[in-house]
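[1] no sequence on this one, just coordinates:
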């Protein structure tokens, strides 16, 4: 069992790296189907300590299926939809694996790639609110992305609020300085939008 899982997991990884997405997907689906009754034997808190365990490899295979559709940068609307379904299925089946939080972030990134800000925001808020992931290493990236999703919607107050929550919680994060600049830029955009709206109303009133 363990050798079979490891071999087929690695085969799928090589296929994906070579651009054989359909083949990789089939390989990983086959190994998941073959071991559908596999039971988690390790305590939840130790699952990510043993990267070569059967449970971890099956989880990584399920996670890889969403990547076979191009997540977090799916090339088409169809790939987006199928990739999100695969990612949500992975999260539901392996919620305690560390990769689950990464997968949730990738769903939001994929939605933003296709200008679906509402779905991206909903997924990010769900990730940030989930107590299972309160210590996940992707929360800083999620808060940054949430701000940019709001900014795309021209919901500038929510964007700034998201980033202001991020700054004190993640002072060592790689994007900290960029977020400070983004707040300044968004405050400028807010003032510009107010000015434009005022000019618009003046033009309407003069007709």
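    Arrived safely. Remember, it's a predicted structure, so these values are computed and weren't measured experimentally.
[2] show me where the chain has helices.
    Ranges of helices in the chain, per DSSP state H, are 2-17, 21-34, 54-67, 77-93, 99-113, 117-129, 139-152, 156-169, 176-205.
[3] shaky segments in this protein?
    Scanning the chain for pLDDT under 70 picks out 38-52, 197-207.
[4] quick revisit: can I get the helices of the chain in JSON lines with mean neighbour count?
    C-beta coordinates here come from the backbone N, C-alpha and C atoms, glycine included. Listed next are the helices of the chain as JSON lines, based on neighbours: other C-beta atoms under 10 Å:
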{"stretch": "helix 2-17", "mean neighbour count": "16"}
{"stretch": "helix 21-34", "mean neighbour count": "18"}
{"stretch": "helix 54-67", "mean neighbour count": "23"}
{"stretch": "helix 77-93", "mean neighbour count": "18"}
{"stretch": "helix 99-113", "mean neighbour count": "22"}
{"stretch": "helix 117-129", "mean neighbour count": "19"}
{"stretch": "helix 139-152", "mean neighbour count": "22"}
{"stretch": "helix 156-169", "mean neighbour count": "17"}
{"stretch": "helix 176-205", "mean neighbour count": "12"}
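[5] next up, the contacts around the closest residue to residue 23 other than its chain neighbours.
    Leaving out its chain neighbours, the residue that sits closest to residue 23 by C-beta to C-beta, 6 or more residues apart in numbering is residue 15, at 4.5 Å. Neighbouring residues of residue 15 by C-beta atoms under 8 Å, 6 or more residues apart in numbering: 21, 23-24, 27.
[6] of all these, which comes closest to residue 132?
    residue 24 (27.9 Å; C-beta to C-beta).
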